[in-house]
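Engineer: Pasted the sequence and its predicted model underneath.
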Amino acid sequence: MQLVRRGHAPAFEVIYERHSQAAFSLAYRMAGTRGVAEDVVQDAFLNIWRSGARYERTRGSVRTWVLGIVHHRAIDALRRSFVHERRRASDEGIEERLETGERTDVEAARREEAGSVRAALGHLPSEQSQVIELAYFGGFTHTEIAAMLDTPVGTVKGRMRLGLEKMRHALGGGQVSLG
Amino acid sequence: MTATGPDHERWADAVGSYLLGALPPEEREGFAAHLDACPACRRDVEELGIAADALPLSVPPVAPPAALKDRIMTVVESEAELLAAAGRGADEPARAPARRPRGFLAGWLPRPGVALACAAVLLVAGGVAGALLAAAGDDARTVVADTRAPGAQVRLEIHDDASTLVARDMPAPPGGRIYQVWIKRPGRDPEPTSVLWSTRRDGSAEVAVPGSLDGVEAVLVTDEPQGGSDAPTTEPVITAETA
């Protein structure tokens, strides 16, 4: 990241290569269309290129930082364009899913971590996983979710917190690596 | 027991919503201010953040298209060239007398210490700077620009001290090239600016044109090699007459 801060394009390219798939996957999951996902990732990475100085090593991995930026950009895009109706990636076929032939150690570890997170999310009571999904991947505010579910705002916020607490315990208090 | 900050009762249940990005805009600042003052909420954010940060891992992997990387790297490499032109210490506080930037950048990048900020503001892909200008409350006027790009619509929003080109359905510049903005004054050759840009995937862009357009006859856009040119090498693809 120090090189990126100094305007070193090849160093930025390494960051892009390392994190663009996770970034695009998240943006695609949230936006539901390939076009919006591409715009989100483009805006996010150009923001990263221009603001590398804002990355603080002590506050987490580069991957977490990158995905945090993508997440915020995707929420902005969703709220700007009211694409909430689009929901769920479905505008292109299943062939878009990444069918990687590579089975490197890193890839294997990522798959295992992904499985752990999915399991942790899947084991939550449905009312908790529902509000987490609507908030994190859907880009809805807790006020919107409360109205959608006809549930008090306080209850929605409580479910979010409780769900995250349970996930954290299920993940072993931070043993999932995002680096 | 961890100490709590003022208004803790009001904000304590918002930690999950904050971490999931679900706080309504009008509550975000209030929560951020509370977080600064509340060790208990900071601890909760740190602990529960582990779960929130793991959520992207649950997403099925989807490969980004190669063209996306091409678009991003075209802009990045152009900006890197600008930074290099501004001097090696462009991102560091100026310690020695500033080196003048070479070529057409002379006059646009007043000192190396601000080069990165200038590049960030002036080099636009898909409209970062436009948002910065949106709040300008002066007497703006808009002119419709001529464009050679079939189907494209471009307008120039003119403000007192900065203007914005707004493009819709504009094709991306040809491979390996980038759009450059020029200022045309009566009886003179087009003057280069350091404004280099590309479009979003949907053909939209908002491009900041810095400075006053007083005495300017037209704002032009041509496609140029990465890093820009000292003089136009192609016919303008956009011509916005300001008079």
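Structural biologist: Happy to help now that I have it.
Engineer: Check which element follows the helix or strand bottoming out on mean pLDDT in chain B along the chain.
Structural biologist: Across the helices and strands of chain B, mean pLDDT, DSSP states H and E gives its lowest value to helix B:128-133, namely a mean of 34. Sequence order places strand B:141-144 as the next helix or strand after helix B:128-133, per DSSP states H and E.
Engineer: can you give me the helices for chain A?
Structural biologist: Applying DSSP state H to chain A gives helices spanning A:2-5, A:9-31, A:34-50, A:62-81, A:105-122, A:126-132, A:142-149, A:153-170.
Engineer: among those, which gets the worst mean confidence?
Structural biologist: Of all those, mean pLDDT reaches its minimum on helix A:2-5 (a mean of 70).
Engineer: distance between stretch B:212-220 and the chain's centre?
Structural biologist: For stretch B:212-220, the separation from the chain centroid amounts to 22 Å (computed by CA atoms, centre = their mean, to the nearest Å).
Engineer: in terms of contact, does residue A:129 touch residue A:122 like I think?
Structural biologist: Yes: counting by CB atoms under 8 Å, residue A:129 does reach residue A:122; the two are 7.2 Å apart. (Each C-beta comes from the backbone N, C-alpha and C, glycine too.)
Engineer: of those two, who's got more company?
Structural biologist: residue A:129 (18 against 11; other CB atoms under 10 Å in any protein chain shown).
Engineer: quick one: contacts for that one?
Structural biologist: By CB atoms under 8 Å, 6 or more residues apart in numbering or on different chains, the contact set of residue A:129 is A:121, A:122, A:163.
Engineer: Try it again at 10 Å.
Structural biologist: Residue A:129 is in contact with A:120, A:121, A:122, A:123, A:159, A:163, A:166, A:167, counting by CB atoms under 10 Å, 6 or more residues apart in numbering or on different chains.
Engineer: nearest residue to the most centrally placed residue in chain A other than its sequence neighbours?
Structural biologist: With distances taken as CA atoms, centre = their mean, residue A:26 lies nearest the centre of chain A, 4.4 Å away. Distances taken as CB to CB, 6 or more residues apart in numbering or on different chains put residue B:56 closest to residue A:26, at 4.6 Å, once the chain neighbours are dropped.
Engineer: circling back to that earlier point, how about the helices of chain A in JSON lines, adding distance to residue B:192?
Structural biologist: What follows is the helices of chain A, written out as JSON lines (distance: least, CB to CB, whole Å):
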{"stretch": "helix A:2-5", "distance to residue B:192": "27"}
{"stretch": "helix A:9-31", "distance to residue B:192": "22"}
{"stretch": "helix A:34-50", "distance to residue B:192": "22"}
{"stretch": "helix A:62-81", "distance to residue B:192": "31"}
{"stretch": "helix A:105-122", "distance to residue B:192": "45"}
{"stretch": "helix A:126-132", "distance to residue B:192": "51"}
{"stretch": "helix A:142-149", "distance to residue B:192": "47"}
{"stretch": "helix A:153-170", "distance to residue B:192": "52"}
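Engineer: Now do stretch B:55-72: distance to the chain's middle.
Structural biologist: Centroid separation for stretch B:55-72 versus its chain: 21 Å, with CA atoms, centre = their mean.
Engineer: If you could redo that for stretch A:21-40, that was the one I meant.
Structural biologist: On CA atoms, centre = their mean, the centre of stretch A:21-40 falls 10 Å from the chain's centre.
Engineer: Distance across that stretch, terminal residue to terminal residue?
Structural biologist: Separation of the first and last residues of stretch A:21-40 by CA to CA, to the nearest Å is 13 Å.
Engineer: just stretch A:139-153 next, same as before
Structural biologist: For stretch A:139-153, the end-to-end distance is 16 Å (CA to CA).
Engineer: what about it, near chain B?
Structural biologist: Yes: residues of stretch A:139-153 are located near chain B by CB under 10 Å from any CB of the partner chain, namely A:139, A:140, A:141, A:142, A:143, A:144, A:145, A:153.
Engineer: Buried among those residues? Make that a ChimeraX selection.
Structural biologist: Buried members of the residues of stretch A:139-153 next to chain B, defined by 16 or more other CB atoms under 10 Å in any protein chain shown, are picked up in ChimeraX with:
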select /A:139,140,141,142,143,144,145,153
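Engineer: Residue B:199: which of the residues of stretch A:139-153 next to chain B is nearest?
Structural biologist: Nearest to residue B:199 among these: residue A:139, at 24.3 Å, using CB to CB.
Engineer: Fine by me, thanks again.
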